[in-house]
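Visitor: only geometry, no sequence info:
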């Protein structure tokens, strides 16, 4: 492993002045075109955001896929819907570059996290424009959509998937438009792959990639998902954490009981859940599951060095998020994200004020997402957790709990697992890794930030597993986008920057990647 | 203290054959009248249940009070509304018995627990009649309300407060009607006192009793609230547990965050709450709060003997409630209810499936009700809990949490306490205690069950404190009434039995109570 500073030095030696000039000229042309077409870019994004996109909502998922096919075809990209039985389909586009010897596949996903519309300030599938948010990301007033001219680049579009992950799709296609209008040809063959069930755990992605293996050949997958660095600077990330989701249910009396007449006689499923959850991790994020850390491969010195070279943001983040302390005694966020995490997504049991009742609830629900690091597998995580629970007296089942089961077992927990997937890390020293860093650094006029892994998860291992191609993340959206939460949003300057970044990659990557056309 | 069997012996010696005959004759007359008037009794109950009665809903609370005043006046009872500033009013009725020297005050409350109408099978304030429930209290079909004739006594009325605590009010008034129609005079002066904020913690009851002290004189308060024994036999209870309610809030990031990008960096308020709750009690009901048990006076030998003499119901209850085990390793329910309890009413944090999102929530809420036993006070419970939390690194506040507080303190918990009240126990050996047992035993034709305390709570200490009168509970409703939960209900046979029990008390208590008219 080569330390990051030496890598950057090597990079600057191979990068001639000519590539820098070329990159700057692409950026200038694309920017000028975008400044004349902001309204139509945002309108196209809005029309895509207006279609609900929970992966479980199959009719709307199909409407999304059909619109994406049309959007690709409108640009002269050969496009088709990749059917996958009852699972959400993917959308594939192909655009050959005459004479190109390398193929780059740009990935995004068009499905979104589930929404609870009651929580949103405006309906999640009716995009609105708002002025720059206030302190702590507080919502500003809704603005009218301009009919022409330019947007305040600090204004934001609010809708589910505005950032995660529909804006990247629109950025790719606007980049194509801008290049075409400016007479800039792609330097690599391009494929566009839009997944439809990423937020539901990518349970059928492997099947889909296997089925369409022949159509999905390529030299690298660029994953355009997730946010840029919290300093708002462009970042490339070479890995992701794996993930597996779990729903847990514990059981008390068959019906809710008066807590006076039955309190400390009838088991309280909420307290049973509390006891269970408290055995998994402590309040500071340390995982307590038996043997859980045995599998974990610690980060390499090079990876740690790369993380430590990122701009310091922790103090500012804590301030913005009103946190007196972050977990691990204020350890740096980049280092924390290289560790495995057990995140509590939610608990539902009984009621709290103003409708708290003096009652013992019949069952308690909790939801967890596990974030995995290299060498952990979902299968082994499941085994470890279930052994941990069995050792603590829990009777574990995956099926519906019957009256017979309840009468036979005192501490029942029902576990409903998502399939999940492992983490991936691509080497930062591959030729394509170095070339990508150069192209984006040239476009930005400064060294692009490099991270060994993102904290987030994506089924990237499947691309490597099935297609034997490396994956690298090129995120474009703002970090403070409230993705996965209410009032998700996209800062427009990030969309504008993303269009330039992606255009620079398409136009120039083939020119500095060893073995491609000059 | 005299063991229960010797008490019962003493009772049978003082009770002559004449009182038994007299009791049976009252019961027969009242039953015959009720059998001819079931439809009008249930109609009156339904009209009372149709008025929403959350103590916080002041306009409807007043409508309840006004209807109760009218219902009393219709029987020739002098009635008025006892105003108490902005707090819910009480309703007081008075009916003199010519020549009587003792005054009995019959207590019930007309407010109900908060409802979450979404959870109910039918709207909580639109009473419906259903056939006898199935196994595990499963709802049976809705039946048409009969226009005339009799009800199936196993059928039930479903509505908030059907059992807790409006049926007792209707039972008292139907008993008066039946006595009047049968020419049976009360043997004691009667007062009827209906409270309007019992389920909200009786926060203003002391103030109200103090204000109307002169009007509320009497020799004993009979509390007609709570259920009869689970064996469906009549029970008298000489005490109640105290209670104090608590809402807790813990804090994470100022806004919901993506659990991949921030998971094990940003503190998870749900896991902080889990850690906090796990420190209060274990999954088996044992209280872990520092020094909490120091205050607790253990039950006397006589109280334990009384509890152990109750019919065994635990095995049947566990079977009905689908519990393989009850807390305390299957210890008897009566003994468990003489201990203090920490009951988790509910937890709300983030979301679970199908809307679980991979996010870290900004805050977590939990709700607890503490059940107190003699010698514990709400004030000391609060002190003990807050000291327990402070010792574990929590920064405790009772006010709204500001940005400054969040930036200054890593582990903040906001505590919102109800006022609460202590437990009470009346001696089972008072003359009125013995007389009441005799009158009800005679009416039932078998020794009435006696319990030193109910598990439930009621602000009875206030009656003793302010009015220096003993309190005894004479519950009438079914134990399986789902009070405090969704689909609360009243088994009609309990209403019929309750009318007879209360009529026997009014007609005969003065005749066997030493010092009253013969």
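Guide: It's in. Every value quoted in this text rests on a predicted model; they were computed, and no experiment measured them.
Visitor: Which residue is the nearest non-sequential neighbour of residue A:175?
Guide: residue A:503 (3.9 Å; C-beta to C-beta, 6 or more residues apart in numbering or on different chains). For the C-beta atoms, the positions are set from N, CA and C on the backbone; glycine is no exception.
Visitor: any idea how far that neighbour lies from residue B:372?
Guide: 70 Å (C-beta to C-beta, to the nearest Å).
Visitor: the more surrounded of these two?
Guide: The residue with more neighbours, out of residue A:503 and residue B:372, is residue A:503; 30 against 25, by other C-beta atoms under 10 Å in any protein chain shown.
Visitor: dump the residue contacts of that one.
Guide: A:26, A:27, A:30, A:175, A:178, A:179, A:184 (C-beta atoms under 8 Å, 6 or more residues apart in numbering or on different chains).
Visitor: One more pass at 7 Å, please.
Guide: For residue A:503, the contact set (C-beta atoms under 7 Å, 6 or more residues apart in numbering or on different chains) comprises A:26, A:30, A:175, A:178, A:179.
Visitor: okay, the closest residue to residue A:195 other than its chain neighbours: pLDDT?
Guide: Using C-beta to C-beta, 6+ apart and skipping the chain neighbours, the partner closest in space to residue A:195 is residue A:109 (4.1 Å). pLDDT, residue A:109: 97.
Visitor: which residues sit in contact with residue A:109?
Guide: Contacts of residue A:109 (C-beta under 7 Å, 6+ apart): A:165, A:194, A:195, A:196, A:198, A:225.
Visitor: What's the local residue count around the last one?
Guide: Taking other C-beta under 10 Å as the neighbour definition, residue A:225 ends up with a count of 26.
Visitor: which non-adjacent residue is nearest it?
Guide: That would be residue A:165: by C-beta to C-beta, 6+ apart, it lies 4.8 Å from residue A:225.
Visitor: Quick check: the gap between that neighbour and residue A:269.
Guide: With distances taken as C-beta to C-beta, residue A:165 is found 37 Å from residue A:269.
Visitor: which one of those two has more residues nearby?
Guide: More crowded of residue A:165 and residue A:269, by other C-beta under 10 Å: residue A:165, with 28 against 25.
Visitor: any idea how far chain B is from the more buried one?
Guide: Distance, residue A:165 to chain B, using C-beta to the nearest C-beta, to the nearest Å: 12 Å.
Visitor: Identify the residues contacting that residue.
Guide: Residues near residue A:165 by C-beta under 7 Å, 6+ apart: A:108, A:109, A:225.
Visitor: and the gap between it and residue A:58?
Guide: 19 Å.
Visitor: now do residue A:181
Guide: Distance from residue A:181 to residue A:58, by C-beta to C-beta: 37 Å.
Visitor: Same check on residue A:488?
Guide: The gap separating residue A:488 from residue A:58 is 22 Å, by C-beta to C-beta.
Visitor: What of residue A:180?
Guide: Relative to residue A:58, residue A:180 is positioned 34 Å away (C-beta to C-beta).
Visitor: these two touch, right, residue A:377 and residue A:421?
Guide: No. Assessed by C-beta atoms under 7 Å, residue A:377 is found out of contact with residue A:421, at 8.8 Å.
Visitor: hang on, the earlier thing: where does the residue nearest to residue A:225 land in three-state SS?
Guide: helix (DSSP: H, G, I helix; E, B strand; the rest coil).
Visitor: Could you tell me how far it is located from residue A:80?
Guide: Where residue A:80 is concerned, residue A:165 sits at a distance of 20 Å (C-beta to C-beta).
Visitor: sorry, back to before: I'd assumed the residue nearest to residue A:175 was in a strand, is it?
Guide: No. Under three-state DSSP, residue A:503 falls outside any strand and is assigned helix.
Visitor: Name the nearest residue to the residue nearest the centre of chain A, ignoring sequence neighbours.
Guide: Centroid-nearest residue in chain A, with C-alpha atoms, centre = their mean: residue A:226, separated by 4.5 Å. Excluding the flanking residues, the one nearest residue A:226 by C-beta to C-beta, 6+ apart is residue A:475, at 4.2 Å.
Visitor: Count the neighbours of the one you found for me.
Guide: 27.
Visitor: That one sits in which helix or strand?
Guide: Using DSSP states H and E, residue A:475 is not contained in any helix or strand.
Visitor: doesn't residue B:263 make contact with residue A:455?
Guide: Yes. Applying C-beta under 7 Å, one finds residue A:455 in contact with residue B:263, separated by 6.5 Å.
Visitor: Let me see the contact set for the closest residue to residue A:292 other than its chain neighbours.
Guide: Excluding its sequence neighbours, the residue lying closest to residue A:292 (C-beta to C-beta, 6+ apart) is residue A:384, at 5.6 Å. Applying C-beta under 7 Å, 6+ apart to residue A:384 gives the contacts A:289, A:290, A:291, A:292.
Visitor: Might you list the low-confidence residue ranges for chain A?
Guide: A:1-19, A:515-518 (pLDDT under 70).
Visitor: So it: which segments form each domain?
Guide: A:4-241+A:424-512, A:242-304+A:335-417 (automatic domain parsing).
Visitor: okay if I get those as a markdown table plus distance to residue B:332?
Guide: Formatted as a markdown table, the domains of chain A follow (distance: least, C-beta to C-beta, whole Å):
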| stretch | distance to residue B:332 |
| --- | --- |
| domain A:4-241+A:424-512 | 44 |
| domain A:242-304+A:335-417 | 9 |
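Visitor: Tell me which residues are up against the helix or strand hosting residue A:236.
Guide: Following DSSP H and E, one finds residue A:236 within strand A:235-237. Contact with strand A:235-237 is made by A:228-229, A:436-437, A:440, A:448-451, A:453-454, A:472-475, as judged by C-beta under 7 Å, 6+ apart.
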